[in-house]
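**Q** After the sequence you'll find the predicted model.
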Amino acid sequence: MPTTGLKEVEHDITVLAPAEAVYQLIADVQNWPRIFPPTVYVDRFEQTEREERIRIWATANGQAKTWASRRVLDREKLLIEFRQEVSAPPVASMGGTWIIEPISKTESRVRLLHDYRAIDDDPASLKWIDEAVDRNSRSELTALKANVERVTASEELLMSFEDSIDIRGSAKDVYDFINEANLWSERLPHVAKVRFEEDGQGLQTLEMDTRAKDGSTHTTKSIRVCFPHYRIAYKQITLPALMDLHTGYWTFRETENGVRASSQHTVIIRAENIAKILGPEANVEKAKDYVRTALSTNSRATLGYAKEYAEAKRRV
């Protein structure tokens, strides 16, 4: 007998790529923040040859959510089953399957199946879940298709880099400075305004207006996942015009003399906006240099003020 209130839905898309390549992209959860727009961060905390447990932080209908899932991977059948272990309200339970079906050597069909229930089988909550699953499934499949089919272009437009600083202070104090982003407009000259929310469990929504060298400001919005006192991961969901993607993390590692603090960035350049922003002669490399300089300048400035803060705390 079917479970009361259980809903089953399916979404699919055709991808111009071999089924094995598509499977591998989905199987490696480290790819998810880059290829799936709703996904902010994924942490794999248990793994065997065929099963793994992961925690996912993602947006649903504009709200930040987190949940733990168990996955069973079948490379031979190109199947990945998933089941949420701890669902985020209003979801009572959710699971499903990725099915990758070869159409030809160069084309495949990706099917994404979901089954779910709302807490207390509430109709309003079920409607909210329907909308979130439909929106996220369409978004994920569209992004998956684009990522696989444009892999060459994505690699040309993709860059990752990191800035680090050594601080004679504690990791906790440096972490606190980065974690307390609600105070950045008071602590960081390049931050003009901050709008900040936190759920009490280390999941933050940070929107801020940042000043550029020419005095102009631009607005960005990020979802941040905080792990005291060693890492803060984030994904920008409102981006500057030159970026298609911006994810990153702050890390804090204890050393003999204090702590090494780092800011890492992964960016995909929005190619269609290069000429508009940088002029008709600009190319991808110039855009990369421009974005890297802007992000590194702000990161190094923030790390510098965190250094002052932590070292002052140690002296006190």
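**A** Okay, I see it. Note that the coordinates shown come from a computational prediction; the quantities given were computed from them, not determined experimentally.

**Q** What average pLDDT does the longest helix belonging to the chain get?
**A** The residue-count maximum for a helix in the chain (DSSP state H) belongs to helix 284-315. For helix 284-315, the mean pLDDT works out to 96.

**Q** how about that helix: buried residues?
**A** For helix 284-315, burial by neighbour count (16 or more other Cβ atoms under 10 Å) applies to 287-288, 290-291, 294-295, 298-299, 302-303, 305-307, 309-311. In short, each C-beta sits where N, CA and C put it, glycine included.

**Q** now swap in stretch 127-138 and tell me
**A** Buried residues in stretch 127-138, counted by 16+ other Cβ under 10 Å: 128-129, 132-133, 135-137.

**Q** Tell me how far it lies from the chain's centre.
**A** 19 Å (Cα atoms, centre = their mean, to the nearest Å).

**Q** contacts for it?
**A** 7, 9, 11, 38, 58, 60-61, 90-91, 94, 112, 114, 116, 118 (Cβ atoms under 8 Å, 6 or more residues apart in numbering).

**Q** pLDDT check: weakest of these?
**A** N61 (76).

**Q** Look at the nearest residue to that one once chain neighbours are set aside and tell me its secondary structure.
**A** Closest residue in space to N61, ignoring its immediate chain neighbours: A132 at 4.9 Å, by Cβ to Cβ, 6 or more residues apart in numbering. Secondary structure, DSSP: H, G, I helix; E, B strand; the rest coil: A132 is helix.

**Q** And A132, how close does it get to S125?
**A** Taking Cβ to Cβ, to the nearest Å as the measure, A132 falls 10 Å from S125.

**Q** Now for the two: what residues contact both?
**A** Counting by Cβ under 8 Å, 6+ apart, nothing touches both A132 and S125.

**Q** Now do the contacts for T238.
**A** 207, 219-221.

**Q** do that again at 7 Å, thanks
**A** 219-221 (Cβ atoms under 7 Å, 6 or more residues apart in numbering).

**Q** quick one: average pLDDT of the helix or strand harbouring Q84?
**A** Using DSSP states H and E, the element containing Q84 is strand 79-86. On average, the pLDDT along strand 79-86 is 95.

**Q** tell me what that strand is packed against?
**A** strand 63-74, strand 91-102 (3 or more Cβ pairs under 7 Å, 6 or more residues apart in numbering; DSSP states H and E).

**Q** Compare those and say which comes out lowest on pLDDT.
**A** Looking at these, the weakest mean confidence is strand 63-74, a mean of 91.

**Q** Give me the contacts around that one.
**A** 27, 50-58, 80-88, 203, 205, 223.

**Q** The closest residue in space to L25 that isn't next to it in sequence: neighbour count?
**A** Distances taken as Cβ to Cβ, 6+ apart put N31 closest to L25, at 5.6 Å, once the chain neighbours are dropped. Neighbour count of N31, defined by other Cβ atoms under 10 Å: 16.

**Q** which element is the nearest residue to I99 once chain neighbours are set aside on?
**A** Nearest residue to I99, sequence neighbours excluded (Cβ to Cβ, 6+ apart): R111, at 4.2 Å. Taking DSSP H and E as the definition, R111 sits inside strand 108-118.

**Q** Got the phi and psi for G202?
**A** Taking degrees, to the nearest 10, you get phi 80, psi 10 for the backbone angles of G202.

**Q** quick one on the thing from earlier: my understanding was that the residue nearest to L25 contacts Y23; is that so?
**A** No: N31 sits out of contact with Y23 when judged by Cβ atoms under 7 Å, with a separation of 11.8 Å.

**Q** gap between V259 and Y305?
**A** From V259 to Y305 the distance is 15 Å (Cβ to Cβ).
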